[in-house]
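below are the sequence and a predicted model; questions follow.
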Amino acid sequence: VPHLIYIAIGFPPAAKSSAYRMRTTANLFCEIGWDVTVVTVHDEAWEREFGIDPTLSEGVDPRIRIVKLPLSREDLDPDIRHYSEFRARNPKQWLADLRGREMEAFPEPVFGLWREPLEQGVAEVHTQRPADLVLVSPAPNTGMAAAWKLWSDAAVPYAIDYRDAWSLHVLQGTEAFDLDTPAGQWESKIITAARQLWCVNQAIADFYRTRYPLVSDRIKTVPNGYDPFPTPIDAGRPDASSGLSFGYLGTANFPAEMLTPLLDGWRRARTDDAVLARSKLVFRGHFGAGMARGAIRHVAAIEATTAYGVEYAGPVRRADLGKVYTGWDALVLVSPGGRFVTAGKTYEYVATGLPIMSVHAPVHGACEVLDGYPLWVRPPQELQAESLARSFVQAAALALGATEEQRAAAVAHAARFERRRLLEPAVRALAASVVASPLAEGVP
Amino acid sequence: VTTKVVALATTPPRRSALAPPLAEIAARGGEIVLGCWFDPVVLTIPAGIGEVRMIGKSAIPERLPARRRWWRRRSESDIDLAAGKDLATKRWLQARSDPWLADAVARADYLVALDQDAVYPVWELARAHPGVRAAFGLPAVTATLGGRLTLSDGRA
């Protein structure tokens, strides 16, 4: 039986968006007959960030072995007794020094110091049960150093599942570093020797094909997708007399400045539209990590508009997703960046079959998913209060006026983005590139 | 056994950040008091905080006898002289000389800094009080109470 070491830092129960893709990837390898060992970090590390969601682990194939390395982000250590006096008195300087040490170990701030323990951890797993393939899912990019080390020492082939990108600033759409920088040299050698490089959208894949033309045939687009909801969404007909519920669900990964025109637009829309005047706008999800949970500027902006029916109601457990979406009549998709960003929540949003109001750049990766969705309010040319007020009015009209046919068409549109459907061919092809196996090649 | 938490803040904490952990700590039978370096009037105190007291010069209560007020003011002047422009030291010295805080810390199970500038006084208080856990942020307390995180108590 072939053995996969899957370096998946963010695997369940980490309450992170990465957990879904990792879980399905590991499950699929298991289903095609591989032994799978996931290498991640211990749960305490996630307690320092967004926390854990044990309901995410419920869908993990029990045959998968999970190795949790005792690694945590030192900068997020909440135990003040661990701090030196220097750190307690000079937090900024202490952090700058830490970043310097991290960059010395591996050219990635925050995670660079994990390089050695990750290399050792992966090597140990290989010693116990030799691997046929390593799949690494950055970020952190430091995980790739461990894959590289095993390739260098034991010739174990590896592949990379870039959920983001390293040498590309996906938000700005600009190159993050040159090829001749330490990070550039690392990425170049890692990608050149990789069996495959997966990217989450075509724009990122094209960037990498241009950057590394010699290996362009190994660069694949493997989009994200959505997981079926744990409980079905039972979206009833909205009642105009009691107002509508607009919802945003996701990590606050957009700049707080994006909320200014959005909330101004909401206020304006409430004066223009009688139904919106008695409607509410609810934000859910992780807004701030660690000690900053619920304390970021986004929340201050939301709290300043509570008189207008706006609220932040905290994160949602995976098991409660269906219930939360059922309580909403329309969704607000706020996403930064442009064509390089798809945003995982876009897939989940379309799977709800609810009207979706786009709040992002007109040219944006999300448009590829939303194009053809019958209940879509397209993004305005500019994110201004006036145009967003019109978007709210349009979304309200869609929520109240959508026919059963339109709702059914919306749900049907989503079917093609089911995560397993998108990931399975990629997993089978990668497996087949390493081990000729009837199961891997898709033969029943 | 009631868990006693003493939180320190140098700027008004966001209500949305405080409310969920406060509710969880209260649900587990915990009691929280807050010492702050700002006028608590600006704070909408969420449910779960037992008492809020200001630390430092302007915290000297008017109801104190004149002689004690004079003594406290003199003590504050000494702190100003000793700390100069070093705000971290000043906050620590103020925390050390505050009788209300001294009493609360003596009975505390957890000391919590709610913002970066409150870390140093908490660090010093923790050093002076072995057996008390010291955390940056209330989520660490709820995670510890829930058995998902371990905070050291300063005893070997």
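Perfect, I can see it now.

all contacts plus neighbour counts: C-alpha atoms, from now on.
OK.

so which elements touch the lowest-mean-pLDDT helix or strand in chain B?
Between all helices and strands in chain B, the lowest mean by mean pLDDT, DSSP states H and E belongs to helix B:66-83, at a mean of 73. In terms of contacts (3 or more CA pairs under 8 Å, 6 or more residues apart in numbering or on different chains; DSSP states H and E), helix B:66-83 is packed against helix B:87-97.

which SSE is the residue most central in space within chain B in?
For chain B, the residue sitting closest to the mean C-alpha position, by CA atoms, centre = their mean, is residue B:8 at 3.0 Å. With secondary structure defined by DSSP states H and E, residue B:8 is part of strand B:4-9.

I'd like to check the angle between that strand and helix B:87-97, please.
Counting by axes from the mean of the first three to the mean of the last three CA atoms, to 10 degrees, strand B:4-9 points 150 degrees away from the direction of helix B:87-97.

strand partners of strand B:4-9, parallel vs antiparallel please.
Using DSSP bridges, the strands paired with strand B:4-9 are strand B:31-36 (parallel), strand B:110-113 (parallel).

including mean pLDDT, could those go into TSV?
Shown next, in TSV, are the strands paired with strand B:4-9 (pLDDT from 0 to 100):
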stretch	mean pLDDT
strand B:31-36	92
strand B:110-113	97
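
single out the most deeply packed of the ones you listed.
Highest mean neighbour count of the strands paired with strand B:4-9: strand B:110-113, a mean of 28 (counted as mean count of other CA atoms under 10 Å in any protein chain shown).

show the average pLDDT along stretch A:193-213.
Regarding stretch A:193-213, the rounded mean pLDDT is 96.

an error on my part: the question was meant for stretch A:138-157.
When pLDDT is averaged over stretch A:138-157, the result is 96.

for it, buried residues please.
When neighbours are counted by 16 or more other CA atoms under 10 Å in any protein chain shown, the buried residues of stretch A:138-157 are found to be A:138-151, A:156-157.

from those, which land in helices?
In helices, defined here by DSSP state H, the members of these are A:143, A:144, A:145, A:146, A:147, A:148, A:149, A:150, A:151.

can I get the strand holding residue B:8 as CSV, trimmed to CA atoms?
Backbone C-alpha positions of strand B:4-9 (Å, rounded to 0.1, in the frame of the first residue of the first chain) are rendered in CSV as follows:
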residue,chain,number,x,y,z
LYS,B,4,-10.7,34.8,40.4
VAL,B,5,-9.4,36.8,37.5
VAL,B,6,-7.7,40.2,37.7
ALA,B,7,-7.5,41.9,34.3
LEU,B,8,-5.5,45.0,33.5
ALA,B,9,-6.0,47.4,30.6
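
for the helix or strand following that strand, the distance to its chain's centre please.
Counting by DSSP H and E, the next helix or strand C-terminal to strand B:4-9 is helix B:15-27. For helix B:15-27, the gap between its own C-alpha mean and the chain's C-alpha mean amounts to 16 Å (CA atoms, centre = their mean, to the nearest Å).

picking up where we left off before, which of the ones in helices among the buried residues of stretch A:138-157 lies closest to chain B?
Distance to chain B across those (CA to the nearest CA) is lowest for residue A:143, with 24.4 Å.

in this structure that closest one contacts residue A:118, no?
Yes. Applying CA atoms under 8 Å, one finds residue A:143 in contact with residue A:118, separated by 6.7 Å.

shaky segments in chain B?
Judged by pLDDT under 70, chain B has its weakly predicted residues at B:1, B:45-47, B:57-62, B:83, B:156.

what's the pLDDT at residue A:297?
Per-residue confidence for residue A:297 comes out at a pLDDT of 88.

any residue of the longest strand seen in chain A up close to chain B?
Identified as the longest strand of chain A according to DSSP state E is strand A:35-41. No. Contact of strand A:35-41 with chain B (CA under 8 Å from any CA of the partner chain) is absent, the minimum separation being 14.0 Å.

that strand packs against which elements?
Counting by 3+ CA pairs under 8 Å, 6+ apart, the packing neighbours recorded for strand A:35-41 are strand A:3-7, helix A:18-31, strand A:65-69, helix A:115-128.

again, only this time at 7 Å
If contacts are counted by 3 or more CA pairs under 7 Å, 6 or more residues apart in numbering or on different chains; DSSP states H and E, strand A:35-41 sits against strand A:3-7, helix A:18-31, strand A:65-69.
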